[in-house]
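Novice: need a structure here:
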Amino acid sequence: MDEISLDPELLRRYDRPGPCYASYPTTPHFTDSFGEAEFRRYALGSNAEPIPRQLSLYLHVPDCFSSGAYVERLVREIETVAKLFDRDRDVIQLHLGGGAPNFPGAAEVNELISSLGRQFHFSTSSTRDFSIDLDPRVIRPGDVAACAALGFNRASLAIRNFDPAVRCAVNDEQSVDQTMQVIADCRDSGFRSVNVDLVYGLPRQTLAGFGHTLEAILEARPDRVATYGYAHLPEVLEAQRRSRAIELPDAETRIGLLCLAIERLSAAGYRYIGMDQFALPGDDLVRAREAGRLQRNFMGYTTHADSDLIGLGVSAMSHVGDSYSQNPPDLAAWEAAVDQGRLPVWRGIELDGDDVLRADAIQELMCRGEVDIAGFEYRHRVDFPAYFADTLEGLQPLVANGLVRIDRDVIAATSHGRLLLRIIAMCFDRYLTSSQTGARTRYSRVI
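Specialist: From the prediction side, this is the model:
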């Protein structure tokens with residue numbers, strides 16, 4: 001399953017927008033008919049399961065905010081939400097991310113973790129994952145050690161590019177030395193894993209410049225590397241407005257940048273997990289994939305599949321039981337809800353039977369690169385070929401192009417198809433074909 005094959009022509013042919021499937025149904029299909037009452041119902045119902053799931057917590061800290069006021073409101077949201085979940089449910093996973101959450105300073109981060117510890121029960125398991133996004137540009141001496149003392153054992157660093165021309169174009173002064181120092185500090189402080197996010201397709205980015213960035217990163221040998229394609233949306237993201245679209249790499253160069261990253265990472269011994277994620281052979285992501293415990297959710301690929309995810313903070317997303325929900329992305333709306341003592345649920349969706357089946361199939365594809373048909377039929381009591389007849393038909397062009405293999409027992413991505421998992425998953429996405437009519441598929445068991 002680790003083998004991947006590069007075919008630039010196939011990558012070009014299928015280089016089109018599509019969901020990353022952090023959820024299914026995906027966020028455009030969330031509605032405001034799902035609100036505070038629905039979230040409460042699912043939260044309380046999750047406590048009544050025969051064996052309640054463990055909890056994952058995601059705290060979102062935006063780039064620009066008044067740190068004291070934001071943290072104070074976030075603490076109040078934590079107190080409100082925590083009351084819905086039984087205290088004996090272990091928090092096995094926590095992530096503090098979104099912008100530069102170390103920016104408020106050690107005192108504010110300590111306040112957040114202390115509040116969580118008072119309201120929730122932190123697992124003491126050695127497999128517990130507590131991670132934090134770190135911005136090397138604002139890290140101060142002692143910050144990383146302070147995070148380790150609070151229980152963080154994983155760190156994620158965003159790196160755009162070390163090429164001076166690119167850094168000037170995107171107004172980023174992050175240096176190689178700053179980044180390497182933070183990685184070294186994480187290791188000295190006992191962090192179990194360091195993840196680096198790389199971006200390709202940036203303004204003024206060239207193959208040569210990106211190659212130098214890859215060399216520097218591979219020399220540091222982080223445990224995980226994610227490669228993300230740059231999306232130029234200046235009408236949405238104010239920080240991009242100084243970058244001119246004319247400076248973006250053309251389509252040929254963009255594909256070349258992606259291929260260069262894949263080639264260098266593979267040659268350095270990194271294993272391909274799925275989508276944009278690579279990891280060293282000994283990393284927990286690789287072990288979880290091999291053991292069938294890998295999960296994809298709003299935090300990306302994670303190792304704790306059997307947990308409910310609670311999102312806290314502006315725009316944060318939750319996955320509790322068979323429901324998804326999202327807090328307001330608008331800071332003022334989130335603040336108003338918290339100030340009124342309400343759960344700041346903006347929109348969401350309750351999964352029907354068809355959603356549950358398709359979500360499971362898509363999860364298998366995104367995490368394992370295949371769907372075990374017999375296992376799927378056993379779990380859901382459906383006749384797979386009959387239920388997914390439309391999907392099997394939609395997969396035929398991908399079979400013809402060498403991306404997918406289908407037989408009686410399995411639908412599997414080939415070595416070429418593993419780089420295009422979301423394209424394969426889109427064939428299972430009923431909303432992509434029903435969005436024109438706004439219809440949701442009726443669900444019925446076949447056997």
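
Novice: Surely Leu6 is in a strand?
Specialist: No - with DSSP: H, G, I helix; E, B strand; the rest coil as the criterion, Leu6 is coil rather than part of a strand.

Novice: That one - how many residues pack around it?
Specialist: When counting by other CB atoms under 10 Å, one arrives at 16 neighbours for Leu6. Placement of C-beta: from N, CA and C, glycine included.

Novice: Now for it: which residues touch it?
Specialist: By CB atoms under 8 Å, 6 or more residues apart in numbering, the contact set of Leu6 is 259, 262-263, 419.

Novice: State the phi and psi torsions of it.
Specialist: phi -90, psi 130 (degrees, to the nearest 10).

Novice: distance of the spatially most central residue of the chain from Glu173?
Specialist: The structure's the chain has its C-alpha centroid closest to Gly300; by CA atoms, centre = their mean the separation is 2.1 Å. The gap separating Gly300 from Glu173 is 26 Å, by CB to CB, to the nearest Å.

Novice: quick revisit: are any of the contacts of Leu6 buried, and which?
Specialist: Applying 16 or more other CB atoms under 10 Å to those, the neighbour count classes 259, 262, 419 as buried.

Novice: measure the first one to Leu403 for me?
Specialist: Yep, that's Cys259 we're talking about. 17 Å.

Novice: got the contact list for the closest residue to Leu432 other than its chain neighbours?
Specialist: Nearest non-adjacent residue to Leu432, counting by CB to CB, 6 or more residues apart in numbering: Met426, 6.0 Å away. Met426 makes contact with 18-19, 432, according to CB under 8 Å, 6+ apart.

Novice: My assumption is that Met426 lies in a strand; please confirm.
Specialist: No - under three-state DSSP, Met426 sits outside any strand and is assigned helix.

Novice: got the end-to-end distance for stretch 47-57?
Specialist: Using CA to CA, to the nearest Å, the gap from the first to the last residue of stretch 47-57 comes to 16 Å.

Novice: what's the answer for stretch 142-162, then?
Specialist: Span of stretch 142-162 from end to end, CA to CA: 24 Å.

Novice: got it, and stretch 325-338?
Specialist: 16 Å.

Novice: quick one: contacts of that stretch?
Specialist: Outside stretch 325-338, the residues that touch it by CB under 8 Å, 6+ apart are 27, 30, 34, 38-39, 60, 62, 65, 73, 76-77, 80, 311-318, 343-349.

Novice: Which members of the residues you listed are classed as buried?
Specialist: Applying 16+ other CB under 10 Å to the contacts of stretch 325-338 flags 30, 34, 38-39, 60, 62, 65, 73, 77, 80, 311-318, 343-349 as buried.

Novice: Show me those that map onto helices.
Specialist: 38-39, 73, 77, 80 (DSSP state H).

Novice: just to revisit the earlier point, quick check: of the buried ones among the contacts of Leu6, which lies closest to Ser56?
Specialist: Closest to Ser56 out of the buried ones among the contacts of Leu6 is Leu419 (27.6 Å), distances taken as CB to CB.

Novice: Which secondary structure state does the closest one sit in?
Specialist: helix.

Novice: Nearest residue to it in space, please, no chain neighbours.
Specialist: Ile4 (5.8 Å).

Novice: Could I get the phi/psi values of that neighbour?
Specialist: phi -130, psi 150.

Novice: Pull the contacting residues for it.
Specialist: Counting by CB under 8 Å, 6+ apart, the residues that Ile4 touches are 262, 266, 272, 415-416, 418-419.

Novice: Scan the residues you listed and report the most crowded one.
Specialist: Of all the contacts of Ile4, Leu419 has the most neighbours under the rule other CB under 10 Å, reaching 24 neighbours.

Novice: thinking again about what came up before, if I look at the residue nearest to Leu432, how far off is Arg289?
Specialist: 21 Å.

Novice: before we move on, what about Thr303?
Specialist: Separation of Thr303 from Arg289 (CB to CB): 9 Å.

Novice: Kindly report the same for Asn161.
Specialist: To Arg289, Asn161 is 29 Å away according to CB to CB.

Novice: and if you look at Cys259?
Specialist: 23 Å.

Novice: Also Ala359?
Specialist: Note on Ala359: its distance to Arg289, by CB to CB, is 19 Å.

Novice: and what of Pro329?
Specialist: 31 Å.

Novice: Give the rounded mean pLDDT of the helix or strand harbouring Leu432.
Specialist: Leu432 belongs to helix 430-434 when assigned by DSSP states H and E. Helix 430-434 comes out with an average pLDDT of 79.

Novice: Extract the residue ranges of this structure that are flagged as low pLDDT.
Specialist: Within the chain, the segments meeting pLDDT under 70 span 1-2, 63-66, 99-104, 232-246, 433-447.

Novice: domain parsing for it?
Specialist: For the chain, automatic domain parsing gives the domain ranges 29-349, 352-434.

Novice: quick revisit: tabulate the contacts of Leu6 (a markdown table), appending distance to Tyr378 and secondary structure.
Specialist: Converted to a markdown table, the contacts of Leu6 look like this (distance: CB to CB, whole Å; DSSP: H, G, I helix; E, B strand; the rest coil):
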| residue | distance to Tyr378 | secondary structure |
| --- | --- | --- |
| Cys259 | 39 | helix |
| Ile262 | 35 | helix |
| Glu263 | 40 | helix |
| Leu419 | 30 | helix |
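
Novice: The one helix or strand Asp197 maps to - which strands sit beside it in the sheet, and in what orientation?
Specialist: If you go by DSSP H and E, Asp197 is part of strand 193-200. Strand 193-200 pairs in its sheet with strand 154-159 (parallel), strand 224-229 (parallel), by DSSP bridges.

Novice: Please save the CA atoms from the helix or strand following the first one in PDB.
Specialist: What that stands for is strand 154-159. Where DSSP H and E defines the elements, the next helix or strand beyond strand 154-159 is helix 164-169. Extracted in PDB, the C-alpha atoms of helix 164-169 (Å, rounded to 0.1, in the frame of the first residue of the first chain):
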ATOM      1  CA  PRO A 164      13.600  35.100  -0.500                       C
ATOM      2  CA  ALA A 165      11.600  36.000  -3.600                       C
ATOM      3  CA  VAL A 166       8.600  34.000  -2.500                       C
ATOM      4  CA  ARG A 167       8.800  35.200   1.100                       C
ATOM      5  CA  CYS A 168       8.700  38.800  -0.200                       C
ATOM      6  CA  ALA A 169       5.700  38.100  -2.400                       C
END
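
Novice: Give me the contacts around helix 164-169.
Specialist: Contact with helix 164-169 is made by 160-161, 172-174, 202-205, 209, 243, 247, as judged by CB under 8 Å, 6+ apart.

Novice: Could you rerun that using 6 Å?
Specialist: Contacting residues not belonging to helix 164-169 are listed as 202-205, 243, 247 [CB atoms under 6 Å, 6 or more residues apart in numbering].

Novice: okay if I get the domains of the chain as TSV plus distance to Pro8?
Specialist: Below are those laid out as TSV (distance: least, CB to CB, whole Å):
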stretch	distance to Pro8
domain 29-349	6
domain 352-434	11
